[in-house]
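> Show me how the following folds:
(chains A and B)
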Protein chains: 2
Amino acid sequence: MTAFNDLMAFQRDTEALGQISWRLGWDQETMMPHGASDQRADECAAIEGVIHQRKIDPRVGDWLAKIDDADLDETGRAQIRLIRRAYERSSRVPERLVAELARISSRAHKIWAQARSNDNFSEFSPVLKEIVALRQEEAQALAEDGDLYDGLLNEYEPGTKASDLEAMFGALRPRLVALREAVLDKPDLMGLNNTFDPEGQMRVTEKLAAQFGYDFNRGRVDKAVHPFSSGSGNDVRITTRTEPLDPFNCFYSTIHEVGHGCYEQNIDQAYRLTPLGRGVSMGVHESQSRIYENQLGRSRAFTGWLYGQMRDEFGDFGVADEDAFYGAVNRIKNGYIRTEADEVQYNLHVLLRFDLERAIISGDLIVDDLEAAWNDRFEADFGYAVDKASNGVLQDVHWSAGFFGYFPTYSLGNVYAGCLYEALRGAVPDLDSELARGDTSTATGWLRDNLQQFGGLREARATIEHATGKAPSEGPLLDYLEAKFKGIYRL
Amino acid sequence: MTAFNDLMAFQRDTEALGQISWRLGWDQETMMPHGASDQRADECAAIEGVIHQRKIDPRVGDWLAKIDDADLDETGRAQIRLIRRAYERSSRVPERLVAELARISSRAHKIWAQARSNDNFSEFSPVLKEIVALRQEEAQALAEDGDLYDGLLNEYEPGTKASDLEAMFGALRPRLVALREAVLDKPDLMGLNNTFDPEGQMRVTEKLAAQFGYDFNRGRVDKAVHPFSSGSGNDVRITTRTEPLDPFNCFYSTIHEVGHGCYEQNIDQAYRLTPLGRGVSMGVHESQSRIYENQLGRSRAFTGWLYGQMRDEFGDFGVADEDAFYGAVNRIKNGYIRTEADEVQYNLHVLLRFDLERAIISGDLIVDDLEAAWNDRFEADFGYAVDKASNGVLQDVHWSAGFFGYFPTYSLGNVYAGCLYEALRGAVPDLDSELARGDTSTATGWLRDNLQQFGGLREARATIEHATGKAPSEGPLLDYLEAKFKGIYRL
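This is a model prediction of the structure:
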């Protein structure tokens, strides 16, 4: 057991350094003075370099070679499984490739931002080609069974195959397209048409975070340009933003990030600063943020409570009653931008990106043809043409950062949220009456006890199966969306 | 030159990690959620461990052995001098001792806090004995010429000997005691007797920081229980505090920390993330904070401007005119606590600690006799008896943290500030008329050009000599204090 204990002690420091890296990221987006950015880049490079060296440290390989799984309990085996996978991934990718990717993505971010502001994809495509070539090389080093994309996907969603996602997303798409068309054939619903004091929005934000069980003693809420959650264990911080015309942006960003944050806060304290002490995958993480935000936060019952809170904070803001408010929260509108999309259309945006980036990595689609492919696919699914590149192929930062394999975890998270919500409703028949009082404790307690507390103990898909008692599929999400929007739009 | 370049690249990352450590310390005192403290201790231990391993990394020794000073320019030689000294210091202290000191100081802090709240030195003395024994062992490993205390002092004030300080402080003490007695024989001056809105105090704080040249684009001001400055180069953050009854605590804490912060901000950008890119010693650092706070900030001219700012912010606060305000700022009162002491009595507090801790480290004084020795010395210098341990031997955190050799740098900083102020007045005859307008730019510019920009290029004492053109001594500080308080108290 000496090798196991030595490895875990070493890993504990690596995890602690990873937490520090999170803290620096939080600081950068919330507190750091503007003029510190160049120096911060050097500071981040230094700690990332230390963490990377620890990941590929030959002692890790030696310890792993000496450890026999048969000597370990379930927790120990899970720890070693995660450490071994990370070590093998890191060891397969040549140092030169890691360094080149880091250098080029830093450069690509600026080029992408400039190209987007000029609405000119051809400014971005040369550097994107370089990124794609490097990621293809990395995928080659990582893929185990021929599908290059799997090598990249597994960085974000270990143990999940692109072919599984393809089947799942293939079943999602036609029903989402049909639901979208049916809704948009009906009369539009009323939205908000008022201004909402940012300080009042932040007061409601604090209440919302508390109602959803966020522990302020081990976290804090600040403002940032792009909302995010950061950290694990006992230091999990979230951010939100305020726009005077759109308080829903603030409130649902908050609930979304609270979902991520509560997942991290609720993992078994015994796993703190170990590989099990972090959310198991991006998809499972997103399932928590989405079920908090959508299935719970945008439900008829909870929006009734939120309507009362907003009336208390902002007075009469021009929405007559709870039913009209529920419609305003869930209104479906045409739009080009993924991050602004509603529950129905959001996944269509993601599926588009998944199919395109799979084709790019496999070589079936070349970067020069990417914009046209994007525009064709968008028009096929949404029924109208992209007007400019910043509303199309240039809208997301991900590819400029080399994040291929990341997008599908968004929709996988929604699918998982659908599965969890079905199981939750079965377990808690009286859910709506609690949500109508703003009380999410039974729902979030169920998620904590059946999923969140386990952290990385099981693989992502097994984590969902353990919580729901069955294999995940897209069916529950589709059933939920169709029932919900048939009700709202009287289809 | 390969060895030099390799070493500097390695050192650059070490410096960057040191900056991250500063950032974590800042976060801990300003932003960190309360429940994160245990986890943060693990995170700090991890990065401190990494930094320590880099300091004693055998490659540093190899590189140093290959570098010939004759191949380097002045800057390169200074870099190597600092790296070599740090490497030799770290290499001389056994790992076991470093670990034991870290473990025991963490435990001792809690014991000290408890003993202080119980006013019972005997609760603290057992752990203090352990700390003293470890620091004596460390001093033995570090001292080069027989005086154990020098080994510890050099951690904070490289190149300065305790015997030099003894001569300097020996000359300070009688004239300070006499000045103190003369002042306290005169009628007391009026202090403040009002309440001052904390938000108003923070508005004045922002103005004061700006007037003294603090660059908000590369820093920020927050509140903390104990004011401090943190970081170097382009990310230098300061803190202050507000107490409704005592705005001077806020304002002079701010100016003091701005002095530390501007020193760091004004170091040559070419030295950023190198050993030269930090203030050269604690004493020189304190000379900057003190000259900003006292010689400039508590001058008759500048307090005239501050009086106007406070009238603008707080209205009539019960002080009739600038002269009365100048008296209130510089009022001398009896008191037990070092951190609350005025310009005259502060150094008497420090000299007491210096003499006692020298005797402790040399073995001439044993821990069991420390409280009695403290109380005797206090009564000798201040003329009245210590009433309880929390007002005496238990008041400071330093010894519980193992910081022997730190106290004298406070008074050395005041001595250096006296030397710098004498030179500054010679160089800028019209200083008072600028300060009376709240304009410190000529004074702070002189400090920047003659001292701050050089960072660690020269040794501490040589840094002062370069700025003033002569060897530092206690004379200018004493002349300044006697002249100032003779004026204020009409001695």
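> which parts of chain A sit against chain B?
A:12-14, A:16-17, A:19-20, A:23-24, A:27, A:31-36, A:38-40, A:42-43, A:45-47, A:49-50, A:215-220, A:233-235, A:237, A:272-273 (C-beta under 8 Å from any C-beta of the partner chain). For the C-beta atoms, the positions are set from N, CA and C on the backbone; glycine is no exception.
> quick one, domains of chain A?
Domain ranges of chain A: A:2-145, A:146-491, per automatic domain parsing.
> Which among the ones you listed is found nearest to residue B:189?
domain A:2-145 (39.5 Å; C-beta to C-beta).
> Return stretch A:259-272 as CSV; C-alpha atoms alone will do.
What follows is stretch A:259-272, C-alpha atoms only, in CSV (Å, rounded to 0.1, in the frame of the first residue of the first chain):
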residue,chain,number,x,y,z
GLY,A,259,-26.3,24.0,-10.2
HIS,A,260,-22.6,23.6,-11.1
GLY,A,261,-21.5,25.0,-7.8
CYS,A,262,-23.8,22.8,-5.7
TYR,A,263,-22.5,19.7,-7.5
GLU,A,264,-19.0,20.6,-6.4
GLN,A,265,-20.0,21.6,-2.9
ASN,A,266,-22.0,18.5,-2.3
ILE,A,267,-19.3,15.9,-3.2
ASP,A,268,-18.4,13.7,-0.2
GLN,A,269,-15.9,15.7,1.9
ALA,A,270,-13.8,12.5,2.1
TYR,A,271,-13.0,13.0,-1.6
ARG,A,272,-11.7,16.6,-1.2
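> Give me the buried stretch members for it, please.
Neighbour-count burial for stretch A:259-272 flags A:259, A:260, A:261, A:262, A:263, A:264, A:265, A:266, A:267, A:271, A:272 (criterion: 16 or more other C-beta atoms under 10 Å in any protein chain shown).
> deepest of the domains of chain A, which one?
domain A:146-491 (a mean of 19; mean count of other C-beta atoms under 10 Å in any protein chain shown).
> First residue to last residue on that domain, what's the distance there?
Using C-alpha to C-alpha, to the nearest Å, one end of domain A:146-491 lies 45 Å from the other.
> what does the average pLDDT come to for it?
Domain A:146-491 shows a mean pLDDT of 97.
> just stretch A:64-81 next, same as before
The model assigns stretch A:64-81 a mean pLDDT of 97.
> centre of the chain versus it, how much separation?
On the basis of C-alpha atoms, centre = their mean, to the nearest Å, stretch A:64-81 sits 30 Å off its chain's mean C-alpha point.
> Grab the CA positions of it and hand them over as CSV.
These are the backbone C-alpha positions of stretch A:64-81, laid out as CSV (Å, rounded to 0.1, in the frame of the first residue of the first chain):
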residue,chain,number,x,y,z
LEU,A,64,0.9,3.0,-10.8
ALA,A,65,2.9,0.0,-12.0
LYS,A,66,3.3,-1.1,-8.4
ILE,A,67,-0.4,-0.8,-7.4
ASP,A,68,-2.6,-3.9,-7.7
ASP,A,69,-6.3,-3.1,-7.9
ALA,A,70,-7.1,-6.2,-6.0
ASP,A,71,-5.6,-4.7,-2.9
LEU,A,72,-7.9,-1.7,-3.0
ASP,A,73,-11.5,-1.0,-2.0
GLU,A,74,-14.1,0.6,-4.5
THR,A,75,-13.0,4.1,-3.7
GLY,A,76,-9.3,3.3,-4.1
ARG,A,77,-9.9,1.6,-7.4
ALA,A,78,-11.9,4.6,-8.6
GLN,A,79,-9.0,6.9,-7.6
ILE,A,80,-6.5,4.8,-9.4
ARG,A,81,-8.7,4.5,-12.5
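> Without its sequence neighbours, what residue ends up closest to residue A:304?
Leaving out its chain neighbours, the residue that sits closest to residue A:304 by C-beta to C-beta, 6 or more residues apart in numbering or on different chains is residue A:322, at 4.4 Å.
> nope, residue A:349 is what I meant
In this structure, residue A:349 finds its nearest non-sequential neighbour in residue A:338, 3.8 Å apart by C-beta to C-beta, 6+ apart.
> do you know how far the residue minimising distance to the centre of chain A is from residue A:263?
With distances taken as C-alpha atoms, centre = their mean, residue A:286 lies nearest the centre of chain A, 4.3 Å away. Distance of residue A:286 to residue A:263, computed by C-beta to C-beta, to the nearest Å: 10 Å.
> now swap in residue A:473 and tell me
22 Å.
> same deal with residue A:272?
In terms of C-beta to C-beta, residue A:272 sits 14 Å off from residue A:263.
> Isn't residue A:180 up against residue A:335?
No - using C-beta atoms under 8 Å, residue A:180 makes no contact with residue A:335, being 11.5 Å away.
> Overlap of the contact sets of these two?
Each of residue A:345 lies in contact with both residue A:180 and residue A:335 under the rule C-beta atoms under 8 Å, 6 or more residues apart in numbering or on different chains.
> before we move on, back to that, name the nearest of the buried residues of stretch A:259-272 relative to chain B.
residue A:272 (6.6 Å; C-beta to the nearest C-beta).
> In space, what's closest to the closest one - neighbours in sequence excluded?
The nearest residue in space to residue A:272 (C-beta to C-beta, 6+ apart) is residue A:233, at 4.3 Å.
> doesn't residue A:276 make contact with the one you found?
No - using C-beta under 8 Å, residue A:233 is not in contact with residue A:276; the gap is 11.1 Å.
> nearest spatial neighbour of residue A:198, skipping sequence neighbours?
The shortest distance from residue A:198 to any non-neighbouring residue, by C-beta to C-beta, 6+ apart, is to residue A:242 (3.9 Å).
> Alright, I will stop here.
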